[in-house]
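>>> please work out how this folds:
(2 chains, ligands or ions: 2)
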Amino acid sequence: MIERTLDPKTAKLVDDMLQGNARALARLITIVEEDGEDAHLVLGQLGPTGRAHRIGITGPPGAGKSTLVNRLTSCARQNGLRVGVICADPSSPFTGGAVLGDRVRMTEHSMDEGVHIRSMSTRGSLGGLPTTVHGVIELMDASGKDVILVETVGVGQMELDVMASVDTVVVALVPEAGDDVQAMKAGLMEIADVFVVNKADRPGAESLLVGIRSMLDLVCHGDGWRIPVLATQAENNIGVEDLYQQIWEHRRFGLESGSFEERRAHQRHDEFTAALQKMVTHQFMQTVAADPQLAACVTRMNAGEISPYEAASEVFRTVSQKLR
Amino acid sequence: MAVGQKTIRVVIGKVGCDIHERGALILARAFRDAGMEVIYLGRYQTAEAVAKTAVDEDASVIALSDHTGSMRYIAKETVDALKKFGGSDIPVIAGGLIPKKDLPYLEKLGVTGNYGPGTPLETVVNHIREVTEIDWPKGEVPG
Ligand SMILES: Nc1nc2c(ncn2[C@@H]2O[C@H](COP(=O)(O)OP(=O)(O)OP(=O)(O)O)[C@@H](O)[C@H]2O)c(=O)[nH]1
Ligand SMILES: [Mg+2]
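Ligands and ions are numbered 1, 2, ... in the order given. Model (predicted):
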């Protein structure tokens, strides 16, 4: 088996990042985003992480997610906390390119050394966040951020992915989306820890609030957390302080009830499984490529002479014997 | 995209009181269609904010756009700010309404492209591909 370690320069980047160097953090995020072998090696060098509270903001396109993130960042900064922001926009399915525009709403923080904003494209992932987001969160956490805000792509349908990466999920809706609430019900219930009706200055906000509250009366989070439903006007900075407080309330509740740790445990396990899968696949494919007989087996499978399952079993049997 | 191929990340900067956003938006779309990731900041930025953003976002290149005739000052401030934030290896290209007499100065600063109105988008895209091919050794954090 090939044992690889980080080259000295990347290892130095990790050291610099752990000291809080922004450039080093930015470069490492790119490495993790590229998702190659180095990404694993880097993430394996971070030491203990998990100190930062991770907050996801999701909701339909144009709901005011970026504006909320901007305001929440201000709240955290006023409390002396260091903030990492990850904002995702979709990649073009045709070219892979992307216009990442969430930062436009956050320019007031661009000169603040205590805030690191990273725009990410989903790079083909359909879940509202890039598949590498967990690693990027880990990096920001390791670099000393106290709070990490993750903005998903504006999704029409509620995405469950964000739950897999954060401690508190804020679902932002707007009065215009009122009619969709019924349709989104199932998904909404599952992922929201805090509901926000943003653009509460618009007509229809009140009835949306009532609608969500009555829907919530019918369900109960397994852990006993009562999901708050708040009205905000992110644009006018109204109601955001209350949202900020509710997020910390959710954290406190989770720490006491144990649901915080339970969720983290799930997330760690999923990451572990994903990492292991990647490593095993990588190792197996390398072995296949180096073995003429197995390579021929794959060629025959490609040609349709044997089934993918037969080929996989054959490869699995032979390679695991070799590795023994 | 091919495995191992790097994604080019472009920060588009409009500094100062230039109200012309259309050109920058057209560029943003052209870069996206060329497979690049474009970090768009909107109008009325400071050169320092553009530079720090480029560092934080690990941009491969900064594209400055200006239609007020002030590129000379904007470019200088951006290059200086990049040094300050440890990003002096990030190439800077420019376009817009650039006074002819400023071209030698900009070239000397290391700011390239310096395109005028009507430049084919393809020319700009190709130029970005060229300047970002100067691949810095991985892991280096130049001062
Ligand atoms: N009337 C009103 N407009 C708001 C409010 N909050 C945000 N907006 C506006 O809504 C628009 C969209 O805001 P963003 O923060 O970009 O929304 P977003 O959810 O991040 O959008 P995507 O990332 O594109 O999905 C902007 O024009 C904001 O100024 C609010 O409380 N009231
Ligand atoms: Mg947004």
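>>> please make it C-alpha for all contacts and neighbour counts, starting now.
Noted.
>>> centroid-nearest residue for chain B?
Most central in chain B under Cα atoms, centre = their mean is residue B:63, positioned 1.8 Å from the mean C-alpha point.
>>> OK, contacts around residue 129?
Picked chain A for this. Going by Cα atoms under 8 Å, 6 or more residues apart in numbering or on different chains, residue A:129 touches A:88, A:121-122, A:152-153, A:161-162.
>>> my bad, chain B
Residue B:129 makes contact with residue B:8 under the criterion Cα under 8 Å, 6+ apart.
>>> so it sits in a helix?
Yes - counting by DSSP: H, G, I helix; E, B strand; the rest coil, residue B:129 is found in a helix.
>>> can you give me the helices in the stretch 1-150 of chain A?
Remark: helices assigned in the stretch 1-150 of chain A by DSSP state H, counting those that start in this stretch are A:8-18, A:22-34, A:37-43, A:65-78, A:133-142.
>>> element containing residue B:13?
Assigned by DSSP states H and E, residue B:13 belongs to strand B:9-14.
>>> mind listing residues that contact that strand?
Contacts for strand B:9-14 (Cα under 8 Å, 6+ apart): B:24, B:28, B:36-45, B:47, B:50, B:53-54, B:58-66.
>>> write a PyMOL command that selects only the buried members of those.
To isolate the buried ones among these in PyMOL, judged by 16 or more other Cα atoms under 10 Å in any protein chain shown, type:
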select buried, chain B and resi 24+28+36+37+38+39+40+41+42+43+45+47+50+53+54+58+59+60+61+62+63+64+65+66
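>>> strands - which of the contacts of strand B:9-14 land there?
B:37-40, B:61-66 (DSSP state E).
>>> those residues also near ligand 1: which ones?
By Cα under 6 Å from any ligand atom, no member of the ones in strands among the contacts of strand B:9-14 lies near ligand 1.
>>> look through chain B and state the residue closest to ligand 2.
Residue nearest to ligand 2 within chain B (Cα to the ion): residue B:40, separated by 11.9 Å.
>>> ok, the nearest residue to that residue once chain neighbours are set aside to ligand 2 distance?
Closest residue to residue B:40 apart from its sequence neighbours, by Cα to Cα, 6 or more residues apart in numbering or on different chains: residue A:101 at 5.2 Å. Here the criterion is Cα to the ion, to the nearest Å. By it, residue A:101 lies 7 Å from ligand 2.
>>> list the residues that contact residue A:101.
Contact partners of residue A:101, counting by Cα under 8 Å, 6+ apart, are A:89, B:39-41.
>>> how close does it get to residue A:263?
Distance, residue A:101 to residue A:263, using Cα to Cα, to the nearest Å: 31 Å.
>>> same deal with residue A:292?
Distance of residue A:292 to residue A:263, given as Cα to Cα: 45 Å.
>>> and if you look at residue B:57?
Counting by Cα to Cα, the gap from residue B:57 to residue A:263 is 30 Å.
>>> same drill for these two, tell me which one is more crowded.
Neighbour totals were compared for residue B:57 and residue A:263, and residue B:57 leads with 25 against 17 (other Cα atoms under 10 Å in any protein chain shown).
>>> so the nearest residue to the more buried one once chain neighbours are set aside bridges to which residues?
Nearest residue to residue B:57 in three dimensions, chain neighbours excluded: residue A:118, at 5.5 Å (Cα to Cα, 6+ apart). Beta-bridge pairing of residue A:118 under DSSP bridges involves residue A:86.
>>> what about residue A:118, distance to residue A:107?
13 Å.
>>> please identify which of these two sits among more neighbours.
Legend: neighbour count by other Cα under 10 Å for residue A:118 and residue A:107, higher for residue A:118 (23 against 19).
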